[in-house]
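**Q** show me how the following folds:
(4 chains)
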Protein chains: 2
Amino acid sequence: MRRKSATLSAASFRDEEIRQGIELMFFAYRDFTADPDRILAPLGMGRAHHRTVHFIGRNPGMTVGDLLNILRITKQSLNRVLSQLMREGYVEQRPGATDRRERRLFLTSAGQSLEQRLSEPQRARVGAAYREAGPAAVSAFRRVLAGLINPDDRERFTASGPRLSGPRRLR
Amino acid sequence: MRRKSATLSAASFRDEEIRQGIELMFFAYRDFTADPDRILAPLGMGRAHHRTVHFIGRNPGMTVGDLLNILRITKQSLNRVLSQLMREGYVEQRPGATDRRERRLFLTSAGQSLEQRLSEPQRARVGAAYREAGPAAVSAFRRVLAGLINPDDRERFTASGPRLSGPRRLR
DNA sequence: GATATATGTCAACACTACTGACATAATTAC
DNA sequence: GTAATTATGTCAGTAGTGTTGACATATATC
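**A** Numbers count the residues shown, from 1 in each chain, chains lettered A, B, ... in the order given. Below is the predicted model of the structure:
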């Protein structure tokens, strides 16, 4: 064995490096989500609303089931968020053309504005980090981040995998 | 202006790249946290317990205030988690040597075991992604991730900044 | 027509976080 | 040395997100 189970004793350099990576993920995600959270709070919404609006914006016409597969939450959890977004005019649904049980989801123009507003600080943050690191680093960043994702969804970020921007086709 | 506010119309390649980075963060964090969550649930604990145990393990002797600065939650929120961890024997506190108002925090051996158990799947995941991407990519990954962190805490991950592994010295 | 699928909904519960208020002990300032 | 400040704890109420379990409707499919 090469290391891998440094029980409790001296941590190898590798182990320390990996633990720093874990910490980096915590700090980055903490700050990455803080800005939109501040925008959402006065609207009576939370992070779940942001995620919902984000994915519907990226995949217009996606179904409720698609969203459940992405978010990995129960339909009861999603429903609370989604019905609020529809009630307040950010999201609308239309029955599927071929399968009329489906509810295809779309952002209204208010929903598009909200999405822009929420993502703006995140885009600024990511954009700044990208610019500072340069294109080669960004490419490496994306490869490592994709490597952290379970194989199923990792495909979304590889050239061969299914695109997610189209009006369907998500798993 | 160079782009930066692609209002609602055609997204530039840059904007698309940035939005993919945002999504990557969502998926990576979702899967990154799922494994320890599954271990925590049957113990009647959650993600907050994991973070607490993680940071105390990395910084033995840190104070409650240090932890509050890192986690960026209120003391009331932390207290619930911390007192449970102490009540159940994972964490212990000792008054500070010079300032006896402080409660220096330490993992018990049960706490160290728990920390190991919780971090194991994360270390495996990060380790696998690191190995697959290679050292140069890892370095770039860390630079970009650090770039996402607010300047205050970014220092923790730069050569010049204060170390966090010592028995104190965290802001 | 029977079964399966996509979705909605009611209810109860757990975890995490927040605000506001108040309390104690120890340190620092005047 | 008394007053103010700091580090920490704690009670109470509220909000957002997620869960499980149960049940309902509409539409497809066999």
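**Q** hey, where'd the strands end up in chain A?
**A** A:62-63, A:91-95, A:103-107 (DSSP state E).
**Q** so in that sheet, which strands flank the shortest one, and in what orientation?
**A** Sheet neighbours of strand A:62-63, with direction, are listed as strand A:103-107 (antiparallel) (DSSP bridges).
**Q** residues contacting the nearest residue to A:A128 once chain neighbours are set aside?
**A** In space, and not counting its chain neighbours, A:A128 is closest to B:G147: 6.8 Å by CB to CB, 6 or more residues apart in numbering or on different chains. C-beta coordinates here come from the backbone N, C-alpha and C atoms, glycine included. For B:G147, the contact set (CB atoms under 8 Å, 6 or more residues apart in numbering or on different chains) comprises A:A128, A:A129, A:Y130, A:E132, A:A133, B:R154.
**Q** just A:A48 next, same as before
**A** A:L71, A:I73, A:S77, A:L78, A:V81.
**Q** and the residue nearest to A:A128, how far from DNA strand C?
**A** Distance, B:G147 to DNA strand C, using CB to the nearest atom of the strand, to the nearest Å: 23 Å.
**Q** ditto for A:R87
**A** Shown here: A:R87 relative to DNA strand C, a distance of 10 Å by CB to the nearest atom of the strand.
**Q** over to A:M62?
**A** 9 Å.
**Q** what is the burial count for that residue?
**A** The number of residues packed around A:M62, counting by other CB atoms under 10 Å in any protein chain shown, is 25.
**Q** again with A:H54
**A** The burial metric for A:H54, expressed as a neighbour count using other CB under 10 Å, is 21.
**Q** next one: it from DNA strand D, what distance?
**A** The separation that A:H54 has from DNA strand D, given CB to the nearest atom of the strand, amounts to 12 Å.
**Q** surely that residue touches A:S119?
**A** Yes: in terms of CB atoms under 8 Å, A:H54 counts as a neighbour of A:S119; the distance is 6.8 Å.
**Q** give me the nearest residue to A:R117, chain neighbours excluded.
**A** Excluding its sequence neighbours, the residue lying closest to A:R117 (CB to CB, 6+ apart) is A:I39, at 6.2 Å.
**Q** what sits against that neighbour?
**A** Neighbour list for A:I39: A:R117, A:L118, A:P121 [criterion: CB under 8 Å, 6+ apart].
**Q** how near is the second one to A:H49?
**A** The one in question is A:L118. Here the criterion is CB to CB, to the nearest Å. By it, A:L118 lies 9 Å from A:H49.
**Q** what is in contact with the two at once?
**A** Taking CB under 8 Å, 6+ apart as the contact rule, the neighbours common to A:L118 and A:H49 are A:L40.
**Q** anything in contact with each of A:H54 and A:S119?
**A** Shared contacts of A:H54 and A:S119, defined by CB under 8 Å, 6+ apart, comprise B:I22.
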